[in-house]
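Asks: Pasting a predicted model and its sequence here:
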Amino acid sequence: MRVLFIGDIFSTPGMKVVQAYLEQARHEYDFIIANGENAAGGFGLTRRHFQQLREAGVDVVTLGNHGWDQAEAVELAEETPRLVRAANYPPGTPGVGAATFQARGGERITVAQAMGRVFMDALDDPFRALDAVVEELPDGQALVVDFHAEATSEKKVMLYHLAGRASAVIGTHTHVQTADETVVRGTAYITDAGMSGVQASSIGMGFEEVHDRFVHKLPRRYRPAQGRGTLSGVVLELDGPRARSIRRLQWAAPDADRDD
Ligand SMILES: [Fe+2]
């Protein structure tokens, strides 16, 4: 089974490049996962963003620390398991932290998310939350985990924790694609899949306002960077529950196809 994982989609340039890529490449994949927690100008996603991603061919959208920034996302999470939030929220939080789907080839695949706790808001234990997901997993079924976390150390330890038990542990949240993709005991891993958006930016936001905040300590309001987006993600080749390979993907529309 070939799975595409699209890294954090940031604002309109991120949405546009994902739509442009999937228009011509969606049929190359059996299943498509995208982190969409920054689609709405960096802060969450609305019903419209979710629908546009579904229409483009995305099977499951994952969230993160900005997941609830738009109130509509809370409603959506209660309506559909195709929006997956972190599994280590406290019991009673709307939505699901893991859900199982049928890929285009007929195989079943579980998608789960957890959030890290290092340099992030306090949450329940992500290791134990994902242990619970693994325990529920039927034998031989693929499991792709989006580990939304800041610290490289925590992400790499999650690889060690789940190696041989998950098909893939894909890091998100830091918005810069790392070059450390690997497969350990059949578990594909990358510290960060990267951001789908304007790469010449402060992880998606325009430089000017962020620069003012750092240099002059002015309380400037962030504005999403404008311009052409690049899609960042990884392509996984899964053999039942185990990964055969992981490949980094970066894609920008050829000049002729660009409309901005
Ligand atoms: Fe995030």
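Replies: That came in fine, so what should we check first?
Asks: can I assume Glu73 sits in a strand?
Replies: Just so we're on the same page, residue 73 is Ala rather than Glu. No - Ala73 is assigned helix when assessed by DSSP: H, G, I helix; E, B strand; the rest coil, not a strand.
Asks: Which single residue in the stretch 101-250 of the chain comes nearest to the ion?
Replies: Residue of the stretch 101-250 of the chain nearest the ion, by Cβ to the ion: His173 (3.9 Å). For glycine as for every other residue, the C-beta is placed from the backbone atoms N, C-alpha and C.
Asks: Now that residue: phi and psi?
Replies: phi 100, psi -40 (degrees, to the nearest 10).
Asks: Could you give the number of residues near the closest residue to it other than its chain neighbours?
Replies: Leaving aside its sequence neighbours, His173 sits nearest to His148 (Cβ to Cβ, 6 or more residues apart in numbering; 4.6 Å). His148 is flanked by 29 other residues according to other Cβ atoms under 10 Å.
Asks: Please apply the same query to the one 3 residues further on.
Replies: By the other Cβ under 10 Å criterion, the neighbourhood of Ala151 contains 17 residues.
Asks: what's the answer for Thr80, then?
Replies: The burial count for Thr80: 16, using other Cβ under 10 Å.
Asks: Then Leu218?
Replies: 10.
Asks: My read is that Arg26 contacts Ala34, right?
Replies: No - counting by Cβ atoms under 8 Å, Arg26 sits too far from Ala34 to count as a contact (11.5 Å).
Asks: Those two: which is more packed in?
Replies: Each of Arg26 and Ala34 has its neighbours counted (other Cβ under 10 Å); Ala34 has more, 30 against 15.
Asks: contacting residues for that one?
Replies: Phe5, Ile6, Ile9, Val18, Leu53, Val58, Val60, Val61, Thr62, Ser196, Gly233 (Cβ atoms under 8 Å, 6 or more residues apart in numbering).
Asks: Could you do Arg85 as well?
Replies: Thr62, Leu63, Gly67, Ala77, Thr93, Pro94, Gly95, Val96, Gly97, Gln113.
Asks: Please repeat the previous calculation with a cut-off of 10 Å.
Replies: 37, 62-64, 67-68, 73-74, 77, 93-98, 113-115, 148 (Cβ atoms under 10 Å, 6 or more residues apart in numbering).
Asks: just to revisit the earlier point, would you mind putting the contacts of Ala34 into CSV with distance to Pro81 alongside?
Replies: Rendered in CSV, the data for these read as follows (distance: Cβ to Cβ, whole Å):
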residue, distance to Pro81
Phe5, 18
Ile6, 18
Ile9, 19
Val18, 21
Leu53, 15
Val58, 14
Val60, 8
Val61, 11
Thr62, 12
Ser196, 23
Gly233, 22
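Asks: restrict the residues you listed to contacts with the ion.
Replies: Here nothing survives when these are matched to the ion using Cβ under 5 Å from the ion.
Asks: Take those residues and keep only those in helices.
Replies: In helices, defined here by DSSP state H, the members of these are Val18, Leu53.
Asks: Just the contacts of Ala34: which are in strands?
Replies: Phe5, Ile6, Val60, Val61, Thr62, Gly233 (DSSP state E).
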